[in-house]
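K.L.:
Predicted model follows, preceded by the sequence.
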Amino acid sequence: MELFVMDYDCYNYTDILQQNEDLLQFPHRWFIFINNITAFPLLDIRLNTRLYLLQKQPPHILISSYLIPNQSTYELNSIGTWSNDHYTHPLNDISDYRNRTNMKGLTLNTTIVLVYPRTLDHLEDGRYLLEDSLTKHNYPLLHYLMDFMNSTLNIKWSPGWGTKEPNSSNYNFMCGDLQTGVSDLAGTATLVTTDRLRVGDYIACPTPTLVVFILKAPPLAVVSNILTKPFDWYVWTCLGVLVLIVFVITWVVIKLEWKFIKSNENYNEKTVLRENVLDVVEYEVAAFCQQDMNIPRSLSGKIITICVSLSFFFIYTAYSACIVGLLQSTSNTVTSIEDLLYSNIKLGAHKAPYMKFFFQQQHGKIKETLFNQKIAPPNQPENYLPVEVGVELMRTEFFAFHGERDTIYKQISKTYTEHEKCGLVEIKFFSEVEPHMFIRKKLYYKEIVAIAYRKFKKME
């Protein structure tokens, strides 16, 4: 930015200004001293020009001037008026954009994305919100913008946001209209990409949403072995030691029974625990599984049986209770793109015009592999689905659906129960930021439009 100060009544300054009108444009600033403000020539002083005129003859007047396209006279913003002795008018706020919002009915050309033809009949009635949702959200804001700037709107409808044509630097659809100057403003917010910065500027985010994968958190039983999770390894170690101790004590008791009890006429019964390693192992397994078993005949053996049965009963009850809780639990192990790739989760994406383009723009081994294996596998149908189908698959299957967050949640609110809404997980795949409004490059009222949209966002 450069600041120029000049005395307009000096020799040859009129020719200098007329021959260097590019220096009058943003971001340069000019302070021009002039005997009579009304004598200033008609130059291309646009809305974003910071040019201030100071009248040298009393009363001294400081104004900022600009020219609205298709107008033949300057618009003047008075900043202050004073004499040699005192102020005769309070000093006004010096804010170029706050004082220049009246465009005097200037026509603004805009291109709006229209994918579904019936959207034209339902832009403002709240019907079919899942179709052209970005357009329906931004359409009322465009009319607020026209009121804010005192402008009129000339709309052109486009079937897409626009991509670069093959072997060319030209864009088609909405971005192409901005590039060729057919439109000044994009009426539908678009995701931010670096290649589009050559066509226009991103000014504001009126639609705070993201394009993400959404899935129900998978049941813990699907992604891990829940049979080992009720106890940590300390408990499993103690349980193993307990089994070993029970085996040793039972084996000793059985050996003593057969050694010291002389009368053994009843030891031929099938329910009697014999002096055999396999019989002792079978005894422990039956006690652990709460099944019928052969028991020792001696008092010490029966005491051991009661203690073992009670110990394994409480262990079995605690284990079963934990298993029931784990069967109802969800897992937080699927939190990244890599987790989606290496899990058995099926994937799908919203059947929107921009979706395939942005998937193909992603780089990185994980992202490319995921796209080629689960979204668009070779020699198989591509998994691009309507929102209604994708959200229903999320509800009934182990499925992750990729699309605009607000659109997916609107459908979820219609079809899911309150219990089914719990445990939803979001995973961001695209590296692009939230959709922003897009405006033609070097448009002279860009800052006014940006300020308007920021004000709209604060009022939401």
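P.N.:
Done, it's in. Residues are numbered from 1 along each chain as shown.
K.L.:
shaky segments in the protein?
P.N.:
Low-confidence segments of the chain (pLDDT under 70): 1, 11-14, 44, 84-98, 259-273, 432-433, 460.
K.L.:
per the record, what domains does it have?
P.N.:
The chain breaks down by automatic domain parsing into domains covering 3-89, 107-206+436-459, 213-218+331-428, 226-327.
K.L.:
To which secondary structure element type does S78 belong?
P.N.:
Under the three-state scheme (DSSP: H, G, I helix; E, B strand; the rest coil), S78 adopts strand.
K.L.:
returning to that earlier point: minimum distance to N99: which of the domains of the chain has it?
P.N.:
domain 3-89 (4.4 Å; CB to CB). To be clear about C-beta, it is placed using only N, CA and C from the backbone, and glycine gets the same treatment.
K.L.:
Tell me what the closest residue to H60 other than its chain neighbours is bridged to.
P.N.:
Distance criterion CB to CB, 6 or more residues apart in numbering; nearest residue to H60, sequence neighbours excluded, is W82 at 5.4 Å. Following DSSP bridges, W82 is listed with bridge partners H60, Y87.
K.L.:
Just confirm W82 contacts L54, I think it does.
P.N.:
No: the pair W82 and L54 does not pass the contact test of CB atoms under 8 Å, sitting 10.9 Å apart.
K.L.:
what's the overlap in contacts for these two?
P.N.:
Common contacts of W82 and L54 (CB atoms under 8 Å, 6 or more residues apart in numbering): H60.
K.L.:
now the helices: where do they sit in the stretch 101-250 of the chain?
P.N.:
Taking DSSP state H, counting those that start in this stretch to define them, one finds helices in the stretch 101-250 of the chain at 133-149, 173-180, 220-223, 233-260.
K.L.:
which residues sit against the shortest one?
P.N.:
With contacts defined as CB under 8 Å, 6+ apart, helix 220-223 is touched by 226, 229, 326-327, 329-331, 333-334, 343-344, 398.
K.L.:
are any of those residues buried, and which?
P.N.:
Among these, those classed as buried by 16 or more other CB atoms under 10 Å are 226, 326, 330-331, 334, 343, 398.
K.L.:
Looking at those residues, which one is closest to N383?
P.N.:
F398 (14.1 Å).
K.L.:
Now do the same contact list for the closest one.
P.N.:
Applying CB under 8 Å, 6+ apart, the residues near F398 are 218, 222, 344-346.
K.L.:
which residues are contacting stretch 34-47?
P.N.:
Against stretch 34-47 from outside (CB under 8 Å, 6+ apart): 7-9, 14, 17-18, 21, 24-26, 32, 51, 53-57, 61, 63, 65-68, 72-74, 76, 100, 444-445, 448.
K.L.:
Which of these are buried, as a ChimeraX select command?
P.N.:
To isolate the buried ones among the contacts of stretch 34-47 in ChimeraX, judged by 16+ other CB under 10 Å, type:
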select :8,17,24,25,26,32,51,53,54,55,61,63,65,66,67,68,74,100,444,445,448
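K.L.:
how many neighbours does the residue nearest to Y319 when sequence neighbours are not counted have?
P.N.:
In this structure, Y319 finds its nearest non-sequential neighbour in P230, 5.1 Å apart by CB to CB, 6+ apart. Residues near P230, counting by other CB atoms under 10 Å, number 18.
K.L.:
winner for burial among the helices of the stretch 101-250 of the chain?
P.N.:
Counting by mean count of other CB atoms under 10 Å, helix 173-180 has the highest mean neighbour count of the helices of the stretch 101-250 of the chain, with a mean of 22.
K.L.:
Can you spell out which helices and strands pack onto that one?
P.N.:
Using 3 or more CB pairs under 8 Å, 6 or more residues apart in numbering; DSSP states H and E, the elements in contact with helix 173-180 are strand 107-113, strand 152-158, strand 185-186, strand 200-204, strand 437-440.
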